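In: Fold the following for me, if possible:
(4 chains)
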There are 2 protein chains.
Amino acid sequence: MTERSTAQRRAAKGATMADVARLAGVALKTVSRVVNDEPNVRDEVRARVHAAIAEAGYRPNAAARALVTSRTRTLGVVTMSTTFRGPSAILAGVEAAARDAGYGIALTRTPTGSPEAIAAAMDALVDRGVDGIVILEPAQSTATIGHETPGTPVVVFEDRPGDSADWIRVGADDVGACREAVAHLLALGHGTVHHVAGPAGWRTSDARAEGWRTALEAAGRAVPAPVTGDWSAASGFEAGMALAARPDLTAVLCANDDMAIGLIHALEGRGLTVPGDVSVVGMDGSEVSAYLHTPLTTLAQDFEAIAREGVARLLDAVEGREPESRRVSVPVRLVVRASTDAPRIVAGEPA
Amino acid sequence: MTERSTAQRRAAKGATMADVARLAGVALKTVSRVVNDEPNVRDEVRARVHAAIAEAGYRPNAAARALVTSRTRTLGVVTMSTTFRGPSAILAGVEAAARDAGYGIALTRTPTGSPEAIAAAMDALVDRGVDGIVILEPAQSTATIGHETPGTPVVVFEDRPGDSADWIRVGADDVGACREAVAHLLALGHGTVHHVAGPAGWRTSDARAEGWRTALEAAGRAVPAPVTGDWSAASGFEAGMALAARPDLTAVLCANDDMAIGLIHALEGRGLTVPGDVSVVGMDGSEVSAYLHTPLTTLAQDFEAIAREGVARLLDAVEGREPESRRVSVPVRLVVRASTDAPRIVAGEPA
DNA sequence: GCCCGGATTGACAGCGCTGTCAACTGGAGG
DNA sequence: CCTCCAGTTGACAGCGCTGTCAATCCGGGC
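Out: Numbering: from 1, shown residues only, chains lettered A, B, ... in the order given. Alright, predicted model coming up:
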């Protein structure tokens, strides 16, 4: 069995550059020049080599090239999850941007999201020879990762300043977005806004909570204790059960759409209506949010733009150009739908 | 700039096996033996080499190893999307299974999903030297891809027989699952079941439609014309608008949960209630489906099991073992929730 | 004490490609 | 007619590692 498969492999292993050179009657190096589109080859020779390449069915050997150039034209991606909307949307954008630039993607997940797991994943990618590393939606603020990969540039999709000065940072303006959502709700007449946060320690959780809190403080409103979820609809449901009892509950900002869906389900189960009794804002702009029983007001992020921006900066660094900027913030758009409305009774003020 | 970055790279490039050999006072080959855990090295020597490895901070060079072994310990993944639930869940499982076996993942997306794009992606992965290829949720039935990669085994996540005899096939039992869903609805008393299918040409669309149709036929029921969507909630909404007018509409099976959500929204917009007027079954077991206004009856797939099974078979082939089986079907589980109920009036029979 | 076989170790030749540098070409300029 | 130079081409030496095969070591059997 093993022998047969080895034989197959050997047979399948096609022509080498030397074969092409022989066929075209030129030197190895000339074939190399043609393959890599280098100048200083006569058109006639170039054509002859191309013909020989076609005839031999030659395909360059990536490992050999990587060995001598010590570049793999591969970007490593570290992500905790591929199922949540944010990471998967950014991953898609990263892959597209990389492919357009002739780079491949090496994917590693770190289900625990711990700093150690992330560091180990980064090391594994470096060992595989990636030219650059993309850190997607890390649970941990990058400040706590603190892992260096000398010689391999890193881009992290977060908007907040961190410790590793070398890292490129690109992120949605979570703080600004949540401020805008709170402003929207206050403008509708709500006395304050409750918050269902993402899990503690996630940078996005922190940023979103910060935007929510500072907006309330700036408006001089009470800041209710936030409830913490884990991004799942189930945790949003539990949060809803907990919040339903609060007397001043008229508006809730959830750190993602899934939790908002769970929350609404819980509120309705307790006899509260949305937006009649409680206004709800989600976050992430998931596609289904527009088609729910009560279409959800949400904060839509342009994940595609974030991804392209990040990959462009990373490739600048990989290819020895100084990145235009090491810190990019992409705006978030508030999409108002049916889940937010004026409160039935304007708290603390005469109607 | 370029010079500096080159210098950095060179400096970052650590010790080689030769450095370690010198440090430990042994031959190159002995270091190689230790690094690869080969037998026939005295414990004392092994320890000395390990010490030298640690001292030098040596890390094996993957490209050099790949060049000489012509194996990269990398699996290529071809997927159309990373945002839909099915592919992203399987991708996660594939990555985990590969990592457990010491393999990395090279990811390529084919947004168009055309046979040409899939074939090109497969070739690109082969050029990058992957040891095996995973085709995730291809839009095209694999029968129409018909692309050979001699020497590189392929696993495709589909349950139906196809043309490429060499390919390993692992998939959910879509046909059986849809039959079960139809049986559930008929048992509740519905006269027939309408169907919102996925886009034409997708193997999952076809399989799900086939299960639905054959179940109706077997029961001697009318088979209404199916409506075609594109997996999105928006297309489900449109399907709902189209179906709402049908007089015999009491039950709908949607080929995924997102379309079911859109469909329900449209029906409710037309004044129909779920499940009062119409029962709806989704498919995929998305997490939010349990937390909708009307929790959705759905067909839950064990994506993790599918992924593990597929990777295990693929690695058998990659490593020269004969796979236990080249064709595996994983059952789907019907999860009954509030969106299905007996019809208000049992069609064609006295109440 | 000597021979034998298995265990251990090492020398060496590549894997397929690119970077360096020398060698060659042909036409412009003197 | 010879020199010079830009434009072309090729010979050669590795990149860092593993496979092959020969050399050496050791203890047991005679």
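
In: What is the burial count for the closest residue to DNA strand D within the stretch 51-200 of chain A?
Out: DNA strand D sits closest to residue A:68 of the stretch 51-200 of chain A, with a gap of 3.5 Å, by CB to the nearest atom of the strand. C-beta here means a position set from N, CA and C on the backbone, and glycine is covered the same way. Residue neighbour count, defined by other CB atoms under 10 Å in any protein chain shown, stands at 10 for residue A:68.

In: likewise the one 5 residues further on?
Out: Taking other CB under 10 Å as the neighbour definition, residue A:73 ends up with a count of 18.

In: Would you map the helices across chain A?
Out: A:2-12, A:17-24, A:28-35, A:43-56, A:62-69, A:85-100, A:115-127, A:142-145, A:174-187, A:203-218, A:233-243, A:257-269, A:303-318 (DSSP state H).

In: can you redo the ones you listed as CSV with mean pLDDT and distance to residue B:276?
Out: Supplementary listing: those in CSV, determined by pLDDT from 0 to 100; distance: least, CB to CB, whole Å:
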stretch, mean pLDDT, distance to residue B:276
helix A:2-12, 36, 60
helix A:17-24, 95, 71
helix A:28-35, 96, 67
helix A:43-56, 95, 66
helix A:62-69, 96, 60
helix A:85-100, 92, 31
helix A:115-127, 93, 48
helix A:142-145, 64, 51
helix A:174-187, 96, 33
helix A:203-218, 94, 38
helix A:233-243, 97, 23
helix A:257-269, 96, 16
helix A:303-318, 94, 38
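
In: Go through these and pick out the most buried.
Out: Of all these, helix A:257-269 has the most neighbours on average by mean count of other CB atoms under 10 Å in any protein chain shown, namely a mean of 26.

In: which other helices and strands contact that helix?
Out: Helix A:257-269 sits against strand A:194-197, helix A:233-243, strand A:251-254, strand A:279-281, with contacts defined as 3 or more CB pairs under 8 Å, 6 or more residues apart in numbering or on different chains; DSSP states H and E.

In: could you dump that helix to CSV, C-alpha only?
Out: Below are the C-alpha coordinates for helix A:257-269, written out as CSV (Å, rounded to 0.1, in the frame of the first residue of the first chain):
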residue,chain,number,x,y,z
ASP,A,257,-27.4,40.3,16.9
ASP,A,258,-27.6,36.7,18.2
MET,A,259,-27.9,37.8,21.8
ALA,A,260,-30.5,40.4,20.8
ILE,A,261,-32.6,37.7,19.2
GLY,A,262,-32.4,35.6,22.4
LEU,A,263,-33.1,38.6,24.5
ILE,A,264,-36.2,39.5,22.6
HIS,A,265,-37.5,36.0,22.8
ALA,A,266,-37.1,36.1,26.6
LEU,A,267,-38.8,39.5,26.9
GLU,A,268,-41.7,38.4,24.8
GLY,A,269,-41.9,35.3,27.0
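
In: and chain A, what are its domains?
Out: For chain A, automatic domain parsing gives the domain ranges A:2-60, A:71-172+A:303-329, A:174-301.

In: For residue B:76, find the nearest of those.
Out: Proximity to residue B:76 (CB to CB) singles out domain A:71-172+A:303-329 among these, at 9.0 Å.

In: circling back: next, format the helices of chain A as TSV and append distance to residue B:110.
Out: Putting those into TSV (distance: least, CB to CB, whole Å) gives the following:
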stretch	distance to residue B:110
helix A:2-12	23
helix A:17-24	29
helix A:28-35	25
helix A:43-56	25
helix A:62-69	20
helix A:85-100	10
helix A:115-127	23
helix A:142-145	32
helix A:174-187	32
helix A:203-218	29
helix A:233-243	30
helix A:257-269	27
helix A:303-318	17
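
In: I'd say residue A:305 and residue A:328 touch.
Out: No. Taking contacts as CB atoms under 8 Å, residue A:305 lies outside contact range of residue A:328: 9.7 Å.

In: Flag every residue of the stretch 101-250 of chain A that's near DNA strand C.
Out: Within the stretch 101-250 of chain A, not a single residue sits near DNA strand C (CB under 7 Å from any atom of the strand).

In: Next one: the closest residue to chain B within the stretch 101-250 of chain A from residue A:16, what distance?
Out: Among the residues of the stretch 101-250 of chain A, residue A:151 lies closest to chain B, at 2.7 Å counting by CB to the nearest CB. Per CB to CB, to the nearest Å, residue A:151 is found 30 Å from residue A:16.

In: Please apply the same query to residue A:113.
Out: Separation of residue A:113 from residue A:16 (CB to CB): 44 Å.

In: Just the CA trace of stretch A:334-343, in PDB.
Out: This file holds the C-alpha atoms of stretch A:334-343, laid out as PDB (Å, rounded to 0.1, in the frame of the first residue of the first chain):
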ATOM      1  CA  LEU A 334     -26.500  52.400  12.400                       C
ATOM      2  CA  VAL A 335     -29.300  50.700  10.600                       C
ATOM      3  CA  VAL A 336     -32.600  51.700  12.100                       C
ATOM      4  CA  ARG A 337     -35.500  49.200  11.900                       C
ATOM      5  CA  ALA A 338     -38.600  48.300  13.800                       C
ATOM      6  CA  SER A 339     -37.100  47.200  17.100                       C
ATOM      7  CA  THR A 340     -36.500  50.700  18.400                       C
ATOM      8  CA  ASP A 341     -39.200  53.300  19.100                       C
ATOM      9  CA  ALA A 342     -40.100  56.000  21.600                       C
ATOM     10  CA  PRO A 343     -40.800  54.600  25.000                       C
END
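
In: Centre of the chain to that stretch, how far?
Out: Its chain's C-alpha centre and that of stretch A:334-343 lie 27 Å apart, by CA atoms, centre = their mean, to the nearest Å.

In: in the sheet, who's paired with residue A:332?
Out: When bridges are called by DSSP bridges, residue A:332 pairs up with residue A:301.

In: Against residue A:180, how distant is it?
Out: Taken as CB to CB, the span from residue A:332 to residue A:180 is 8 Å.

In: and for these two, which residues touch both?
Out: residue A:299 (CB atoms under 8 Å, 6 or more residues apart in numbering or on different chains).

In: my read: residue A:331 touches residue A:175, true?
Out: No. Between residue A:331 and residue A:175 there is no contact under CB under 8 Å: 11.3 Å.

In: Just confirm residue A:76 contacts residue A:127, I think it does.
Out: No. Contact criterion CB under 8 Å: residue A:76 and residue A:127 do not qualify, at 10.0 Å.

In: Show me which residues of the stretch 251-351 of chain A are close to chain B?
Out: Taking CB under 8 Å from any CB of the partner chain as the contact definition, the stretch 251-351 of chain A meets chain B at A:258, A:261-262, A:264-265, A:268, A:287-288, A:290-295, A:320-322.

In: try 6 Å this time
Out: A:258, A:261, A:262, A:265, A:287, A:288, A:291, A:293, A:320 (CB under 6 Å from any CB of the partner chain).

In: Can you lay out the residues you listed as TSV showing distance to residue B:211?
Out: Below are those laid out as TSV (distance: CB to CB, whole Å):
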residue	distance to residue B:211
A:258	29
A:261	28
A:262	31
A:265	30
A:287	26
A:288	24
A:291	25
A:293	28
A:320	55
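
In: which of those lies closest to DNA strand C?
Out: residue A:320 (12.9 Å).

In: how about low-confidence regions in the stretch 251-351 of chain A?
Out: Per-residue confidence for the stretch 251-351 of chain A (pLDDT under 70) gives these ranges: A:345-351.

In: how many neighbours does residue A:81 have?
Out: Around residue A:81 there are 20 residues (other CB under 10 Å).

In: How much space separates it from residue A:207?
Out: With distances taken as CB to CB, residue A:81 is found 18 Å from residue A:207.

In: for the nearest residue to residue A:328 once chain neighbours are set aside, what are its contacts?
Out: Counting by CB to CB, 6 or more residues apart in numbering or on different chains, residue A:328 lies nearest to residue A:170, which is 4.4 Å off, once chain neighbours are set aside. Contact analysis of residue A:170 by CB atoms under 6 Å, 6 or more residues apart in numbering or on different chains lists A:157, A:306, A:309, A:310, A:328.
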